[in-house]
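Asks: Test case, fold it:
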Amino acid sequence: MCRMKKFIILVSVMAGALLATSCLQEDTSAIVSPYKFFETPAQIRAALNGCYDPLNSIHDLRYYIAIEGACDIASTPSSAQPDARFDINPARPGAGNNVWPQCYYGVRKCLSTLAGIHRSSLDESDKAPYEAECRILLSYYYYVLTSFFGDVPFYEDYVENEDDMARIAKLGRMPATETRQTLIEELKLYVPYLEQIRTFDIRVNGVNYNYCGAAMGWMMIAKLAAWNKDWDDVIMACEHLESIYGDLTQYPYSDVCFRNKHTAESIFEINHEWEEGGIDYTTYNNTALSAIVIPYRTEEDKKVENMYDGVIVPELGNKAYSYRPVKPSSYMKTYVAPSGTGDIRREFNFASSWSHTRINPETGKEETVTENFNSVWMGHKFWCFGVYHNDDSNNYKIFRYADALLLLAEAWCEKGNFPKSIEYLNKVRARAELTPYSFVGEVKLRGEIRDERARELFGEWGRKYDLVRWGIWYDQVVAYNTYNLVQENVRPCHEYYPIPDVQCARSGRILSNPEYDKYNLSGSDE
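Replies: Coordinates of the predicted model:
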């Protein structure tokens, strides 16, 4: 660990970090004091539940557009969101204006809770699982920060006073590779000692709360290692997941629909449901996902009950908000996932038609009719049935087992073991009812794995991250995103979001965005 260039402030612990001058500024009134509480498992559990709170605020429609709705396989044409058209710079950071403070709010909550756990008088063996869970969640916040912004300030200790916070405010960008490697090494120390079970099997009094357990820990190691191209660690972590989850075919693909919550294949979901004693999330009406992943509803459509883009969709109801939606690209529909292959995932990923029952006016009998939309929309995998306005009650699938198998396929390919790579690729293809892939060459295999990730994980909060870590993001967006404002505005610097200019100012300009300066997109008013 000492070989890492870690920007860590070593401080003692007390309640209420003072953040008024910090570049990582937010309200910390909800952060639990490590000097209090933490004397019973129930108290530690309550503090840990609070560490999950920022997740819901992070995973909103702006973040979704930024990483899924403005890429090569999907776009958000006509959207007023700046993220959809790359009208992004440090002064107008779009989703970054929310992701940055909310992620660091999560970091602080986790660090405060870890400090409290350390100070607790409970037996070390009783505290250990809670500490492991908290560290896994901490790694996720840093995973989002490094994936979204690139190099970011990194620290791991709770703060005592304003002076310590001022020092943290002056931290510069730490290389993302070092941040990830630090987190990987820490997770390796904790995850093996957790119960090696699926997230689905983590129960408290018989109820699944979607807590971060061993499965999420191994997945975080794999995700961080994939960014660092540490294929041995990817393989190690994903093989642990394989031993936990087993045969993919036991998990029906239909379970991936966001409305199906806490499914057996899931490794991590963002909850939108409150249960007493569990993780409490609240959906924000104006930023929830549901309104941008259903067929668009025109004013004429609104005159007809349950009509969306000219088609009756009773499952969506008559009260759903419909904003300018994310749409699958032509590249995705015709090249990556073309019709005629037998791929069962197409009907979940794309919506070109919908079937519903009605009473035949001539016969008086019930019949099922299928009607075609005027356009192709995001599929019912993403729809929130019976949604009221934008009160999205779906759970968002962030990580699941098929992702780990495809990471194994990628890792073995990069290590030159092509038979092993194809073995894992075909595990995913088999469930989708595609024919087995046969080796043609390394380049084609690599391309097929990348396309399979697009088909399997379409719309699941990670496409941009894949493209960036592969080093092909800009070329893919320019080649296949046909939204005219994207073509006008996108620049190579948009590969990572800028640190918001207000945060740079609070750091005394220690933080900056040199890549944006190269394209005269600094946006600074100084």
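Asks: ok, then the element right after the host helix or strand of Thr146?
Replies: Taking DSSP states H and E as the criterion, Thr146 maps to helix 124-149. Using DSSP H and E, the helix or strand that follows helix 124-149 in sequence is helix 162-169.
Asks: and that following helix, what's its mean pLDDT?
Replies: Averaging pLDDT along helix 162-169 yields 80.
Asks: Quick one: list the elements packing against it.
Replies: Secondary-structure packing of helix 162-169 (3 or more Cβ pairs under 8 Å, 6 or more residues apart in numbering; DSSP states H and E): no helix or strand packs against it. To be clear about C-beta, it is placed using only N, CA and C from the backbone, and glycine gets the same treatment.
Asks: okay, which residue is most central for this structure?
Replies: Trp461 (4.2 Å; Cα atoms, centre = their mean).
Asks: and that one, which of the three is it?
Replies: Classification of Trp461 using DSSP: H, G, I helix; E, B strand; the rest coil returns coil.
Asks: Contacts only, for it.
Replies: 59, 64, 67-68, 396-398 (Cβ atoms under 8 Å, 6 or more residues apart in numbering).
Asks: Check the offset of the helix holding Thr146 from the chain's centre.
Replies: 15 Å (Cα atoms, centre = their mean, to the nearest Å).
Asks: And it, what's buried?
Replies: 127, 129-149 (16 or more other Cβ atoms under 10 Å).
Asks: burial measure for Leu406, as a count.
Replies: Residue neighbour count, defined by other Cβ atoms under 10 Å, stands at 23 for Leu406.
Asks: rewinding a little: how near is the residue nearest to the centre of the chain to Glu68?
Replies: 6 Å (Cβ to Cβ, to the nearest Å).
Asks: Ok, Trp231 next?
Replies: In terms of Cβ to Cβ, Trp231 sits 26 Å off from Glu68.
Asks: Those two: who's more crowded?
Replies: Per other Cβ under 10 Å, whichever of Trp231 and Glu68 has more neighbours is Glu68, with 27 against 19.
Asks: correct me, but the more buried one touches Lys464?
Replies: Yes - the criterion here is Cβ atoms under 8 Å, and Glu68 meets it with Lys464 at 7.2 Å.
Asks: related to what we said a few turns ago, mind checking the pLDDT average for the helix holding Thr146?
Replies: Per-residue scores along helix 124-149 average to 98.
Asks: What of stretch 368-381?
Replies: Mean predicted lDDT for stretch 368-381 stands at 97.
Asks: Can you give me the buried ones in that stretch?
Replies: Result for stretch 368-381 [16+ other Cβ under 10 Å]: buried residues 373, 376-381.
Asks: With adjacent residues omitted, what lies nearest to Glu195?
Replies: Using Cβ to Cβ, 6 or more residues apart in numbering and skipping residues adjacent in sequence, the residue nearest Glu195 is Ala214, 6.4 Å away.
Asks: So for stretch 346-356, mean pLDDT?
Replies: 97.
Asks: So what touches that stretch?
Replies: By Cβ under 8 Å, 6+ apart, stretch 346-356 touches 253-254, 256-257, 295, 311-314, 328, 333, 337, 339, 368-373, 376-381, 455, 458-459.
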